[in-house]
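Visitor: What follows is a protein structure lacking sequence information:
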């Protein structure tokens, strides 16, 4: 049964990433942002803090400067205070992020189906695809 989660307490806890895709607004094409088997966790606290980290699968220990730069491109992480707005939306006021462009308010739409949380971003551009509008589509399982 899918339910809205306007009650912020229903998402409190730890969630493990199942998938993360980006859906382009102009074509509807979906791409795996961090490959078919990304890793990540999302934590919602009772105190209204969200912390999340996502990485691509198979990241290797860097040996060169280019390798180190590649690690930055194959992950995202941010944290901030979140608030529920209505039955299917939350807004995070980001206070620390892997990319400074994300130190802002981040709006997300969500649905809970049993132990699976689906989160969709608002239309936006992201560092991996500068200048292309789309939305992130993430699925998490309660951990």
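Guide: The structure has been received and is ready for your questions. All of these numbers come straight from a predicted model, not from anything done at the bench.
Visitor: which residues in the protein form strands?
Guide: 2-3, 13-24, 30-32, 39-44, 49-55, 75-84, 89-97, 105-113, 116-121, 134-142 (DSSP state E).
Visitor: how close does residue 117 get to residue 135?
Guide: Noted for residue 117: a distance of 16 Å to residue 135, by Cβ to Cβ, to the nearest Å. Yep, even glycine has a C-beta here, placed from its N, CA and C like the rest.
Visitor: If you count surrounding residues, which of the two has more?
Guide: Remark: of residue 117 and residue 135, residue 117 carries more neighbours, 22 against 18, as counted by other Cβ atoms under 10 Å.
Visitor: for the closest residue in space to that one that isn't next to it in sequence, what are its contacts?
Guide: Using Cβ to Cβ, 6 or more residues apart in numbering and skipping residues adjacent in sequence, the residue nearest residue 117 is residue 140, 4.5 Å away. Residue 140 sits next to 15, 16, 17, 18, 42, 116, 117, 118, 119 when contact means Cβ atoms under 8 Å, 6 or more residues apart in numbering.
Visitor: Low-confidence stretches in this protein?
Guide: 1-9 (pLDDT under 70).
Visitor: same thing but 80
Guide: Low-confidence segments of the chain, defined by pLDDT under 80, span residues 1-9, 127.
Visitor: ok, and the closest non-adjacent residue to residue 107?
Guide: Nearest non-adjacent residue to residue 107 (Cβ to Cβ, 6+ apart): residue 122, at 4.5 Å.
Visitor: do residue 72 as well
Guide: Counting by Cβ to Cβ, 6+ apart, the residue nearest residue 72 is residue 98, at 7.3 Å.
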